[in-house]
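Trainee: Below: sequence and its predicted model.
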Amino acid sequence: VFDNALGVVSCVWKGNFIDATPMWDSRGDGSFRPDGSPIYLDNTLQLDILEAERAPFNASIAEDGFKPKSYSINALTGSPVFNYYIDGMGFKDEIYTDGLSNSLIREVSANKDVVLPEGLVYRVGHGNKITAIDEGMFIVDGMYYLKLETSNHYYIRHIEGKDELIVKFQNPKIRYHLIW
């Protein structure tokens with residue numbers, strides 16, 4: 001499930017599509033029921049500008065700094081490509097499966113005209129415990145894996161009682177797999 005209010009993947013599962021009846025029945029309550037075992041992810045803005053490595057996340061870019069622009073369908077993959085602005089910077093966000101139903105791949109790219117500011121970071125993962133299990137491969141709370149495919153510098157930090165997997169947005173593209 002993609003939350004277009006913040007530009008984040010908020011829930012994943014394996015199985016059939018969602019039961020959207022609660023969204024539309026009568027007046028609806030905006031909820032949905034995944035047909036499978038859902039994993040709810042970090043439902044906060046994933047980009048921020050950190051003035052220091054220990055600065056709290058979402059301190060520089062407020063949620064109202066996120067502005068959805070449009071979406072299109074990639075003709076080759078049939079997957080959605082979301083376009084949005086965060087703090088005036090344009091981004092393209094493509095989400096698709098690996099073709100084997102083993103992972104969800106996400107590619108977040110800065111538009112060509114964007115000058116990446118110093119301290120711009122992307123929070124790939126957030127949880128109680130993030131553990132590196134191999135180069136670029138992490139497990140989050142024992143529930144799902146993140147596999148980074150990026151030349152950008154990344155690190156795990158423990159802040160405010162939680163772990164965060166942070167990627168410095170030095171190059172214009174971040175690509176990772178979400179595996180569950």
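Mentor: All right, it came through fine.

Trainee: Tell me how many other residues surround residue 140.
Mentor: By the measure other Cβ atoms under 10 Å, the count of residues near residue 140 is 23. C-beta: built from backbone N, CA, C; applies to glycine.

Trainee: Show me what the nearest residue in space to it that is not next to it in sequence is bridged to.
Mentor: Nearest non-adjacent residue to residue 140, counting by Cβ to Cβ, 6 or more residues apart in numbering: residue 127, 4.4 Å away. Counting by DSSP bridges, residue 127 forms beta bridges with residue 163.

Trainee: so what's residue 127 up against?
Mentor: 42, 140, 141, 143, 162, 163 (Cβ atoms under 8 Å, 6 or more residues apart in numbering).

Trainee: list the contacts for the second one?
Mentor: Residue 140 makes contacts with 125, 126, 127, 129, 130, 146, 163, 165, as judged by Cβ under 8 Å, 6+ apart.

Trainee: of the residues you listed, buried ones?
Mentor: 125, 126, 127, 130, 146, 163, 165 (16 or more other Cβ atoms under 10 Å).

Trainee: Any figure for the gap between the last one and residue 157?
Mentor: By that I understand residue 165. For residue 165, the distance to residue 157 equals 8 Å [Cβ to Cβ, to the nearest Å].

Trainee: all helices in the protein, in order from the N-terminus.
Mentor: Taking DSSP state H to define them, one finds helices in the chain at 21-24.

Trainee: So, low pLDDT: which residues of it?
Mentor: 1-4, 6-7, 11, 13, 15, 17-20, 22-23, 27-33, 59-63, 101 (pLDDT under 70).

Trainee: Identify the residues contacting stretch 151-165?
Mentor: 53-54, 56-57, 123-130, 132, 136, 138, 140, 146, 148, 166-171, 174.

Trainee: one step back: tell me the one among the contacts of residue 127 nearest to residue 85.
Mentor: Of all these, the one with the least separation from residue 85 (Cβ to Cβ) is residue 42, at 20.5 Å.
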